[in-house]
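# sequence isn't available, so here's the structure alone:
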């Protein structure tokens, strides 16, 4: 019984986060050789529809506002952005918990901002 020769290269994965999708480019160079025949694994590209980019951009806006102003006006932000992301804020003193939900999506993103309270 003659087994094919296997040549394996380095796994290369590139992930791109777009506003409404996450794109994976995967290149795993594998070649099987048997006699004069060679079979190679082709690079693979997959796009997953998920509003991760939109949620991350909104998260950056919230954090920037909290860092510079000490607060974030979620209703004003949602109106200015035509409700693209629903933003819920819970304030278990002294911290703040934000829950972001992209419109027409089941994806949510949650994060918390830790505060020291008034005795900073």
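Received, thanks. Values in this document were obtained by computation on a predicted structure and should not be read as measured data.
# all helices of the chain, in order?
52-69, 74-80 (DSSP state H).
# which residues touch residue 96?
Contacts for residue 96 (CB atoms under 8 Å, 6 or more residues apart in numbering) come out as 66, 89, 90, 112, 113, 115. For every residue, glycine as well, the C-beta is placed using N, CA and C.
# give me the pLDDT for it.
Note for residue 96: predicted pLDDT of 95.
# the one 5 residues further on now?
In this model, residue 101 is scored at 97, pLDDT.
# circling back: could you dump the contacts of residue 96 to JSON lines with neighbour count and distance to residue 79?
As requested, the contacts of residue 96 are exported to JSON lines (neighbours: other CB atoms under 10 Å; distance: CB to CB, whole Å):
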{"residue": "66", "neighbour count": "15", "distance to residue 79": "19"}
{"residue": "89", "neighbour count": "15", "distance to residue 79": "15"}
{"residue": "90", "neighbour count": "11", "distance to residue 79": "20"}
{"residue": "112", "neighbour count": "11", "distance to residue 79": "24"}
{"residue": "113", "neighbour count": "16", "distance to residue 79": "22"}
{"residue": "115", "neighbour count": "14", "distance to residue 79": "25"}
